[in-house]
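Visitor: Following is a predicted model, sequence given first.
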Protein chains: 4
Amino acid sequence: MIKASLIEDDNERRAADLAVDYDSLGERLDRRGIDIDKVKDRVAAYGVAIPSWGVGTGGTRFARFPGRGEPANVFDKLDDCGVIHRLTGATPNVSLHIPWDKADPAELRAKAEEHGLGFDAMNSNTFQDSPGQALSYKFGSLSHADPAVRRQAVEHNLECIEIGRAIGSTALTVWVGDGSNFPGQVDFTRQFDRYLEAMSAVYAGLPDDWRLFTEHKMYEPAFYSTVVQDWGTNLMIAQHLGERAFCLVDLGHHAPNVNIEMIVARLIHAKKLGGFHFNDSKYGDDDLDTAAIDPYRLFLVFNELVAAEGKPGFDPAHMLDQSHNVTDPIESLMVSAMEVQRAYAQALLVDRAALEGAQEANDALMATAELKRAFRTDVEPILAKARSDKGAAIDPVAAFRASGYRDRVAAERPEASGAGGGIV
Amino acid sequence: MIKASLIEDDNERRAADLAVDYDSLGERLDRRGIDIDKVKDRVAAYGVAIPSWGVGTGGTRFARFPGRGEPANVFDKLDDCGVIHRLTGATPNVSLHIPWDKADPAELRAKAEEHGLGFDAMNSNTFQDSPGQALSYKFGSLSHADPAVRRQAVEHNLECIEIGRAIGSTALTVWVGDGSNFPGQVDFTRQFDRYLEAMSAVYAGLPDDWRLFTEHKMYEPAFYSTVVQDWGTNLMIAQHLGERAFCLVDLGHHAPNVNIEMIVARLIHAKKLGGFHFNDSKYGDDDLDTAAIDPYRLFLVFNELVAAEGKPGFDPAHMLDQSHNVTDPIESLMVSAMEVQRAYAQALLVDRAALEGAQEANDALMATAELKRAFRTDVEPILAKARSDKGAAIDPVAAFRASGYRDRVAAERPEASGAGGGIV
Amino acid sequence: MIKASLIEDDNERRAADLAVDYDSLGERLDRRGIDIDKVKDRVAAYGVAIPSWGVGTGGTRFARFPGRGEPANVFDKLDDCGVIHRLTGATPNVSLHIPWDKADPAELRAKAEEHGLGFDAMNSNTFQDSPGQALSYKFGSLSHADPAVRRQAVEHNLECIEIGRAIGSTALTVWVGDGSNFPGQVDFTRQFDRYLEAMSAVYAGLPDDWRLFTEHKMYEPAFYSTVVQDWGTNLMIAQHLGERAFCLVDLGHHAPNVNIEMIVARLIHAKKLGGFHFNDSKYGDDDLDTAAIDPYRLFLVFNELVAAEGKPGFDPAHMLDQSHNVTDPIESLMVSAMEVQRAYAQALLVDRAALEGAQEANDALMATAELKRAFRTDVEPILAKARSDKGAAIDPVAAFRASGYRDRVAAERPEASGAGGGIV
Amino acid sequence: MIKASLIEDDNERRAADLAVDYDSLGERLDRRGIDIDKVKDRVAAYGVAIPSWGVGTGGTRFARFPGRGEPANVFDKLDDCGVIHRLTGATPNVSLHIPWDKADPAELRAKAEEHGLGFDAMNSNTFQDSPGQALSYKFGSLSHADPAVRRQAVEHNLECIEIGRAIGSTALTVWVGDGSNFPGQVDFTRQFDRYLEAMSAVYAGLPDDWRLFTEHKMYEPAFYSTVVQDWGTNLMIAQHLGERAFCLVDLGHHAPNVNIEMIVARLIHAKKLGGFHFNDSKYGDDDLDTAAIDPYRLFLVFNELVAAEGKPGFDPAHMLDQSHNVTDPIESLMVSAMEVQRAYAQALLVDRAALEGAQEANDALMATAELKRAFRTDVEPILAKARSDKGAAIDPVAAFRASGYRDRVAAERPEASGAGGGIV
């Protein structure tokens, strides 16, 4: 845990500058007809969920280089998530992954409450084999040729729902790596039919107040075809399953050059946007820190989300999903949560009437200039003020580094092995 | 026209070798349990349509380098299409483009009958302005912000239907370049709603025995967003419009690396595959000759089509859509039509029971080997025999070059200007 | 021309706000140890060249939709370029394209002087056929199989040098579309050898104080291979030709996902970076307005350039190269010139000692945060002050719209035809 | 080991059909002026090396699903490689990876001789940490900011050379994953300088009769930049190091859409083509079986290689480098070795005089048709005859499955753990 006094002391040192910057930005926004406090309040109310696995160090098939003080179990992970939320005030929920995070529900709830955290969507895992599992997922899970494997995968998902109910989650996210590595290895249609049938069984077990999110991905771990390869297939799935089934968009799961913000708009149009896994990428599913590569793209996604606010049934889930190979995961997640807030804040600054006016007049230059004006605005004072107001840190990374937390857990927790990776 | 005697003489010189090769291939296929004559008959019955604009020389925004003897009007185009069909026996239909091919329907029918040709899908054009047109499509057509422009575009499509009815077509293909070049230039959702509304008006005018094909394309001429950018949006359109609305797949209209054969399978699954624009590409919508770059990919598409044969309602339209910048368009279209037949013939050779057996057993190596075995088979003797049997040329390009047709039309037709291109 | 009084009046209305914003930003930068006036002075001294063809409306192979008041000749173009420089103070040079801009050198110089403009690199054109040209470039130019065509292309380039000498240019930019549309159409090696031989002849004609820039491009107008397809080949060319030969980087000429800023760093390392064609793209060589799609990428390029400032021989040329299909070209070029300045200004804000410190300590999070801090800074007041100080417009687009210039030239200049495009 | 009698019996059953097919193909080739026996002899003399790690089951960062009877050490690997060579006669050499394959050189030589195998290029490993290693490669190896880490990496490479000398290898292949995951994490230029300095130290330790191969890769495991990211940088390296330094091309290490065969031609032009890692890919570095996705592309690469045969100094190394996640690695490697031979055989069939004639005449259609004619030829009888003549199997996969080898080693070797993967 991070001591409140540490945060308070650090904030105190930064308070004067922040006040100046906030006021100055407030004046500039006022000229544009924007009330900075209202923007700040909306940012303050915004939260993005943390994936439990994100607080560990990631890796590639080539290697995993462990970090110091990595969490050894779900309770360590919740402690780390607590730090992130304590310092940013922006990550009120944690998303668990089963079986990695299996534990006594009461203990999970207790630990989460200790940190003021709740539980976001549950994540099932049928893309790898787990100890004690009867049948292998080497050749697929929910779409496997063998009905026994499909049944096992369905039951695992139903178990995830059960665990989720016990801890207060209300959504299940299903991502599978099922696909093929060779032309002809699978029949696209039979495989998809099997997937739909299995997912229907999962959907049948969904509590009435739950939502089901399916996630598409172009490739990896399958390298020729993937059963839920793009948003078109994902839409077909959500349409097939029913009204509580929605599509989840991971920003790194698309073909090169694809216009992701447009996919977001289409899913909103179809009333099937379930939510996001935020991250950034340059090549494939790189799982880099959100906005690390293309911050304008993230802004354009939020421009769609802000434009859709208030539409009936529009309520996408927001979660980070990143792999931290060379940074401290706590730091990366804090920065990423703030980047998501930043894009949200910038999107709130768009003058939507002016934008629509330029659009209707085919004034492309002015329309895009309106977006740029919002994006260009340095909203850091808004974010910092939102944090400071709720007792979080004005500069979370500085406070974290000052806290000695990483040293502390490195001393307490067992050293993580470098195992994993090296598969080539 | 090509004289029958020319073809006969050329065929006669090649007949003996063909007989040997056909018999030898027949023996090899017989060992695999395949009756070569049955394959040959199916290939002989297969046809792919020619786009009227394909017989002219294409170009890029940088330049158009005219060819010799380019068709000056739709009747010249039909003459060229007649040559292609005469020599290959594989292209019984022509697809017209309005307003480029506007002419008296009776004369069109007469000219087509002269060559034994029919008319395939009609193509509307709202991606460029035409002489006498009231309103510009600079900022869109069916999705334009101005309802008057949308109305004009709808009426143009309805006129295409009228012309098509008069000449015996039963389908309308709609491709629009509507989109945007800047983030913010258009509102994705309002633009899409306008498109859907306009297309509904077109669909309302569709005769009962017609089909409507909408075509998606990732980009170009719009470079930030395109209103029908991918098959997901295309599917939403076809679902919205009704049961006679289908999705058209152009092989060059997808994002890099995308698995096109899988998209074909998904559209078949959704009962919304309308047909194809065949061509090949390495980078973007390159419109190169079919199978020029990746012949295995074309085979994999046909592998899906052959697997789906006989499914209720499955009846995709097949058309070439290429831009011939450095070759004689007649030669390229002949070769491309034969490449389509080749992929079809190879897909017919797949032992589907063996394939399914390997798939169900997760024997990826044997499954893909089965596809490769079919693809590797040199089916040229089958194609040549199918042509020869119906009086077409065993070697269409050789016969065409021997015929002097290009010299003849170069002498008769006005020289085409290099105009166009040079836009940079 | 734009009246000085118009600019002065408009600036006067904006002066007070600018002063406040400039001071406020100055304070914030001062906290970071940065003297805002020094940054402003460097921005004020920075210029980017305008391509003469950029002031006309562009198009695609599908269509060109003319704009109002398009320039009819090179003198009109220079007038438009004069407006851009008058309002932004950021575009002191114009780059001509031969034969499009052929005219009496004395008249060209006079017109340029009238606007306070100079001449940047000359551009040759062997990617299209021009009236009166003896041999066609349909199958290539500098790398054509026929030596007579190569000779013609070499002579054209030598003529461009002659024209350039007469107007005070000191560089030649060579871009060719030579390549192929089919595997096997050309022999890669023989074609490259022919290109090198022809370029050696051009290089031999280069005045001692000139530089030669060769430009690579992945594809288009050739769709299977291009003779100068990437920076690797471009480097081989520059190495082959000699010390006054350099590589030109157009931001839109690379493969998807490629790290362009790294290519810039490599060319700097090889002492062969000649300069830039700035624009932006999402898919191919989209030639969109600079920073319209990915402003952070442009910043990262400038981050490399600022880091390399002062290296011996480092002196890259900066030019815009865009195609304006849906905007007023004058407006797009003004905005783009300012976007280039913006990226430059932001790159100047990077604390290079802090960056290097983080890099040496493998503190990836802090290193990237340093870049982000610079990028996030809204430097608009710096740019506006730099303009205002030199009598250019605080808000060039607003001043341009208020000036009535476009209406005026639309009345004076002949209406441009929509010819071009429609090639498909 | 596979019993000779098993192969002989299986071959006997297939001999008659093969004789018929070989004769029939011989006749068809004879008509094209090609002596089938000469082609067969060249194919028979061709070999491709096996990477020792290829006989184990691969995986992804998500999971590794072990296969049955996986090799437990380098001697098991050599046994498996022996089987591959015994059945295909096409893989006379094995490429070792240090430290994975560290063992007593005498024992390695003895085991290799037992199978009639030699040793190809040595592969160093500085992309992961190994037990007992002093310093971590988490932030790079040969280009690490810390000179001590660079020194360690250099010494490891020198050790690889020592081991290689002891077993008769004459080449070192260096691939590093060094790069960055964030803009700014590394300085491109300083990192490259450090890499060059370290590689110079490795090169200095290269025996006179050795070659050094450096391998470029666009991305992975680094996701923003990679120090040897493309062939341009690789060429700079080979030029910097000296005349025994060459570039290695892995088919899966390029940007989307890149024309790889052209890169091969350029490296040949620069006299710096060192060799290949053959595999296939659809998305990234998928490491799929060679020719599994795009067999025509492989043919086009071999078309360049055959065209370059006989050029002074032209002697590229050929190796497979694949990851077998869902197939039996022995089967995949056998099939892949045969696919490489197939592409070679097809490329030998190209009528180079006819091709050059069409190229010089700008007859694109005939030029590409000549390549297609060669590619379309089913050369399986040539490959099978080449195998059969040397006592290898006509159908290696069938013989392998009949042999019971996999069952045998599964019984003898310890079960491999599923460890690795699951990193996400």
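Guide: On my side now, so go ahead.
Visitor: C-alpha only now, for contacts and for neighbours.
Guide: Will do.
Visitor: can you count the residues close to the residue of the stretch 101-250 of chain A found nearest chain D?
Guide: Nearest to chain D, among the residues of the stretch 101-250 of chain A, is residue A:128, at 5.3 Å (C-alpha to the nearest C-alpha). Look at residue A:128: counted by other C-alpha atoms under 10 Å in any protein chain shown, it has 19 neighbours.
Visitor: For it, give me its contacts.
Guide: A:136, A:137, A:138, D:62, D:63, D:64, D:65, D:422 (C-alpha atoms under 8 Å, 6 or more residues apart in numbering or on different chains).
Visitor: excluding its backbone neighbours, what's nearest the residue in chain A sticking out farthest from the centre?
Guide: Distance from the centre of chain A peaks at residue A:361, with 36.7 Å (C-alpha atoms, centre = their mean). Take residue A:361 and drop its neighbours on the chain: the residue closest to it by C-alpha to C-alpha, 6 or more residues apart in numbering or on different chains is residue B:145, 7.9 Å away.
Visitor: I'd say that neighbour and residue A:360 touch.
Guide: Yes - between residue B:145 and residue A:360 there is a contact under C-alpha atoms under 8 Å: 5.7 Å.
Visitor: buried residues in the biggest helix by length in chain A?
Guide: Counting by DSSP state H, the longest helix found in chain A is helix A:4-31. Of the residues in helix A:4-31, A:7-8, A:10-11, A:14-15, A:18, A:21-22, A:24-28 count as buried by neighbour count, 16 or more other C-alpha atoms under 10 Å in any protein chain shown.
Visitor: And for stretch A:387-394?
Guide: A:387, A:388, A:391, A:392, A:393, A:394.
Visitor: With stretch A:396-405 instead?
Guide: Applying 16+ other C-alpha under 10 Å to stretch A:396-405 flags A:396, A:397, A:399, A:400, A:403, A:405 as buried.
Visitor: any idea how far the third one lies from residue D:373?
Guide: The reference is to residue A:399. 69 Å (C-alpha to C-alpha, to the nearest Å).
Visitor: Just confirm residue A:178 contacts residue A:143, I think it does.
Guide: Yes - between residue A:178 and residue A:143 there is a contact under C-alpha under 8 Å: 6.7 Å.
Visitor: Would you check which pair of the buried residues of stretch A:396-405 lies furthest apart?
Guide: With C-alpha to C-alpha as the measure, no two of these lie farther apart than A:396 and A:405, at 12.6 Å.
Visitor: Residue A:409: neighbour count?
Guide: Neighbourhood size, residue A:409 [other C-alpha under 10 Å]: 17.
Visitor: ditto for residue A:413
Guide: Counted with other C-alpha under 10 Å, residue A:413 comes out at 15.
Visitor: which residues sit in contact with the residue lying closest to it once chain neighbours are set aside?
Guide: Nearest non-adjacent residue to residue A:413, counting by C-alpha to C-alpha, 6+ apart: residue A:69, 5.7 Å away. Counting by C-alpha under 8 Å, 6+ apart, residue A:69 makes contact with A:406, A:407, A:408, A:409, A:410, A:411, A:412, A:413, A:414, A:415, A:416.
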